[in-house]
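Sequence first, predicted coordinates after that:
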There are 2 protein chains.
Amino acid sequence: MPTVSVENYLKAILHLEEGEEGRVSTTAIAEKVGATPASASAMMSRLGDRGWVEHERYYGVSLTEKGQRIAMEILRRHRLWERFLVDHLGFEWDQVHEIAEELEHVDSRELVNRLDAFLGFPKLDPHGDAIPGPNGRFRSVAARTLLAEAPRNLDLVVVGVVDGGDAFLRHLGVLGIELGSRLTVMERHSFDGSLHVRFADVDELQLLAPSVCARLWVDQSNPAPVIVFPENDPPS
Amino acid sequence: MPTVSVENYLKAILHLEEGEEGRVSTTAIAEKVGATPASASAMMSRLGDRGWVEHERYYGVSLTEKGQRIAMEILRRHRLWERFLVDHLGFEWDQVHEIAEELEHVDSRELVNRLDAFLGFPKLDPHGDAIPGPNGRFRSVAARTLLAEAPRNLDLVVVGVVDGGDAFLRHLGVLGIELGSRLTVMERHSFDGSLHVRFADVDELQLLAPSVCARLWVDQSNPAPVIVFPENDPPS
DNA sequence: TTAAATTTTTAGGCAAGACTAAACAATTTT
DNA sequence: AAAATTGTTTAGTCTTGCCTAAAAATTTAA
């Protein structure tokens, strides 16, 4: 049975592994869990002993199969609890991370599976991140693009955020952006990558900083159905 | 901020204090939390340092005002989570204690209060025990009697269990007894205090051992309304 | 009222997990 | 290629919480 601290380390490594290929550095892990590199280093050899990470001295670590299974389970619990907090207790999406951080360590397979069912087997957490299933693999997630890379003149819908810390989420609140917001890229400014976008429910153009555009997942929204009439038989 | 271990000790002391008046012994506490008396003794001086218990060497401890406040908060969380597990996740009342034992240590005032509201501000947990309110005091609980002490020939309803461990609760299941069961004491056997009772929904008399009768809270059930007609004007 | 039994505390260890300071390895810079 | 910088590990210490074994205090029995 992993301790709370061990679970936090495994989760941190999982998080750092995605994106960066290869091994993860001790210092990065330390920073993520809020400890000194020395503490992280000590933890890494303990995790290595238990077979949860592969540790090459001075070159970082990577999760083993077993370590990954545990980390995915934690992630699953975290994201399910976030759904519960938002959907049923009325929390905002920028208030749930810290609490889920505690709830995720409650260890009961039965509890998690029943919670999953209670929530209706959700595929995504309140920030649009995929929730792993009971098998430890992600449920299918729709194709998505970063807003920063989306083409112009398409009807888009915000489906997720990248690495959504509370500060970023609150900033989105200020901008009036949330999951499901519909928008269109009107102009891309090559100077710094900032975008002029038009929101479906607002008149004016709005300028979005590249720091925002690079952290929003969007998908093409299903276009409103267009009714096409045969050319030579217009309606009366 | 108390640790999980500290919270468990405070809860154990609270539990032992009710009933037994005066101070609580180190050994009893040790047994309750599953540690040796030596460990409990060490913990008591730590709790004393932090002002959560009054510790008279060799004569046991009692909770201070502050200690009691913390312990009641834990109890509140425990019982609210039990309600959640039974009411919304479909657990049986003999399956929830262990899980609630973990959930109770999740520390967020906001979470607990929202959970309370979500559950509809329940007064009792699934075992019929009172749930402390946000102020740390019990919500009003109806008058109740132990079945072992209830008078004969009254319509009674089971409203709670004393000290309901999972084994006892499962035994009640075998006997077909649950919260809300209606029964009448037909005969009290002075030999050992066992009772012959008749359940409202069953024909035969059933014999209940004193070990069961002493651990069931009952209340007088509202008698079915009796329609009384004036004597000299019977209905047609 | 001593002696025996019980309960409680102290003493001395151990493991997890954190820290600082110092040593060591790897990477950049010059 | 040597020097400086950066990153990682080791060494030594601290706290919490647990343990066993032994000492001290209290209670019970003779």
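The structure has been received and is ready for your questions. Numbers count the residues shown, from 1 in each chain, chains lettered A, B, ... in the order given.

Tell me how far the residue most central in space within chain A lies from B:Asp116.
In chain A, the C-alpha nearest the mean C-alpha coordinate belongs to A:Asp129, at 3.5 Å (C-alpha atoms, centre = their mean). According to C-beta to C-beta, to the nearest Å, A:Asp129 and B:Asp116 sit 29 Å apart. All C-beta spots, glycine's among them, are computed from the backbone N, C-alpha and C.

What count of nearby residues applies to the residue lying closest to A:Gly128 once chain neighbours are set aside?
Leaving aside its sequence neighbours, A:Gly128 sits nearest to A:Gly160 (C-beta to C-beta, 6 or more residues apart in numbering or on different chains; 2.4 Å). Using other C-beta atoms under 10 Å in any protein chain shown, A:Gly160 has 22 other residues around it.

so what's A:Gly160 scoring on pLDDT?
With respect to pLDDT, A:Gly160 scores 82.

shouldn't it be in contact with A:Leu146?
No - A:Gly160 lies out of contact with A:Leu146 (C-beta atoms under 8 Å); the separation is 10.0 Å.

tell me which element the closest residue to A:Ser108 other than its chain neighbours falls in.
Of all residues not flanking A:Ser108 in the chain, B:Ile99 sits nearest, at 5.1 Å (C-beta to C-beta, 6+ apart). Assessed by DSSP states H and E, B:Ile99 sits inside helix B:97-103.

returning to that earlier point: ok, the residue nearest to the centre of chain A to DNA strand C distance?
Using C-beta to the nearest atom of the strand, to the nearest Å, A:Asp129 is found at 25 Å from DNA strand C.

which residues touch that residue?
A:Arg79, A:Gly160, A:Gly164 (C-beta atoms under 8 Å, 6 or more residues apart in numbering or on different chains).

try A:Thr184
A:Arg152, A:Asn153, A:Leu154, A:Asp155, A:Leu156, A:Val197, A:Arg198, A:Ala200.

Which of the contacts of A:Asp129 fall in helices?
Assigned to helices by DSSP state H, the following of the contacts of A:Asp129 qualify: A:Arg79.

Up against chain B, what does chain A have?
A:85, A:88-91, A:95, A:98-99, A:102-103, A:106-108, A:110-111, A:114-115, A:118 (C-beta under 8 Å from any C-beta of the partner chain).

Show me which of the residues you listed are buried.
A:85, A:89, A:91, A:95, A:99, A:102-103, A:106-108, A:111, A:114-115, A:118 (16 or more other C-beta atoms under 10 Å in any protein chain shown).

So what's the model's average confidence on stretch A:60-68?
96.

Whether it contacts DNA strand D - can you check?
Yes - Stretch A:60-68 is in contact with DNA strand D by C-beta under 7 Å from any atom of the strand, via A:Gly60.

quick revisit: which residues do A:Gly160 and A:Leu146 both contact?
A:Leu216, A:Trp217.

Distance from the chain centre to stretch A:14-25, please.
15 Å (C-alpha atoms, centre = their mean, to the nearest Å).

That stretch and DNA strand C in contact?
No - on the criterion C-beta under 7 Å from any atom of the strand, stretch A:14-25 is out of touch with DNA strand C, staying 10.6 Å away.

in that stretch, what's buried?
A:Leu14, A:His15, A:Leu16, A:Glu17, A:Arg23, A:Val24, A:Ser25.

which other residues reach that stretch?
A:13, A:28-29, A:32, A:56, A:59-63, A:68, A:71-72, A:75.

If any of those residues are buried, put those into a PyMOL selection.
In PyMOL, this line selects whichever of the contacts of stretch A:14-25 come out buried by 16+ other C-beta under 10 Å:
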select buried, chain A and resi 13+28+29+32+60+61+62+63+68+71+72+75
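
picking that back up, return the distance of the residue nearest to the centre of chain A relative to A:Lys11.
From A:Asp129 to A:Lys11 the distance is 13 Å (C-beta to C-beta).

likewise A:Ala38?
20 Å.

Let me know the helix or strand that the nearest residue in space to A:Pro37 that is not next to it in sequence is in.
Sequence neighbours aside, A:Ala30 is the residue nearest to A:Pro37 in space, at 4.5 Å (criterion: C-beta to C-beta, 6+ apart). According to DSSP H and E, A:Ala30 maps onto helix A:26-33.

Who are the packing partners of that helix?
Applying 3 or more C-beta pairs under 8 Å, 6 or more residues apart in numbering or on different chains; DSSP states H and E, one finds that helix A:26-33 contacts helix A:4-17, helix A:37-49.

Run the angle between the longest one and helix A:26-33 for me.
Angular relation of helix A:4-17 and helix A:26-33 on a 0 to 180 degree scale: 120 degrees, by axes from the mean of the first three to the mean of the last three C-alpha atoms, to 10 degrees.

hmm, helix A:4-17 in reach of DNA strand D?
No - applying C-beta under 7 Å from any atom of the strand, one finds helix A:4-17 separated from DNA strand D by no less than 11.3 Å.

ok now that helix, how far from the chain's centre?
15 Å.

Remind me which helix or strand A:Ala117 belongs to.
helix A:109-118.

Give me the contacts around that helix.
A:73, A:76-77, A:80-81, A:84, A:122, A:134, B:85, B:88-91, B:95, B:99.

What residues does chain A have near DNA strand C?
So chain A meets DNA strand C at A:3-6, A:33-36, A:38-39, A:42-43, A:46, A:58 (C-beta under 7 Å from any atom of the strand).

Identify the farthest-apart pair in those residues.
By the measure C-beta to C-beta, A:Val4 and A:Tyr58 form the most distant pair in those, at 28.0 Å.

Pick out whichever of the two has more residues nearby.
Ranked by neighbour count (other C-beta under 10 Å), A:Val4 and A:Tyr58 place A:Val4 first, with 13 against 7.

what's the closest non-adjacent residue to that one?
A:His105 (4.9 Å).

Could you pull up the residues touching that neighbour?
A:His105 touches A:Val4, A:Glu7, A:Ile74, A:Arg77, counting by C-beta under 8 Å, 6+ apart.

any idea how far A:Ala150 lies from A:Ala38?
From A:Ala150 to A:Ala38 the distance is 43 Å (C-beta to C-beta).

Then A:Leu205?
51 Å.

Same question for A:Leu156.
In terms of C-beta to C-beta, A:Leu156 sits 46 Å off from A:Ala38.

can you check A:Asp94 too?
Counting by C-beta to C-beta - A:Asp94 and A:Ala38 are separated by 33 Å.

Neighbour count: those two, which is higher?
More crowded of A:Asp94 and A:Ala38, by other C-beta under 10 Å: A:Asp94, with 18 against 10.

Doesn't the more buried one lie inside a strand?
No - under DSSP: H, G, I helix; E, B strand; the rest coil, A:Asp94 sits outside any strand and is assigned coil.

From the recorded domain assignment, give the ranges for chain A.
As assigned by automatic domain parsing, chain A contains the domains A:4-63, A:73-140, A:145-220.

so where's chain A uncertain?
A:139-142, A:222-236 (pLDDT under 70).

Roughly how far does A:Ala143 sit from A:Gln220?
For A:Ala143, the distance to A:Gln220 - C-beta to C-beta - is 9 Å.

neighbour-wise, which of these two wins?
A:Gln220 (15 against 8).

what residues are up against the residue nearest to the more buried one when sequence neighbours are not counted?
Excluding the flanking residues, the one nearest A:Gln220 by C-beta to C-beta, 6+ apart is A:Leu154, at 5.7 Å. A:Leu154 makes contact with A:Thr184, A:Val185, A:Gln220 under the criterion C-beta under 8 Å, 6+ apart.
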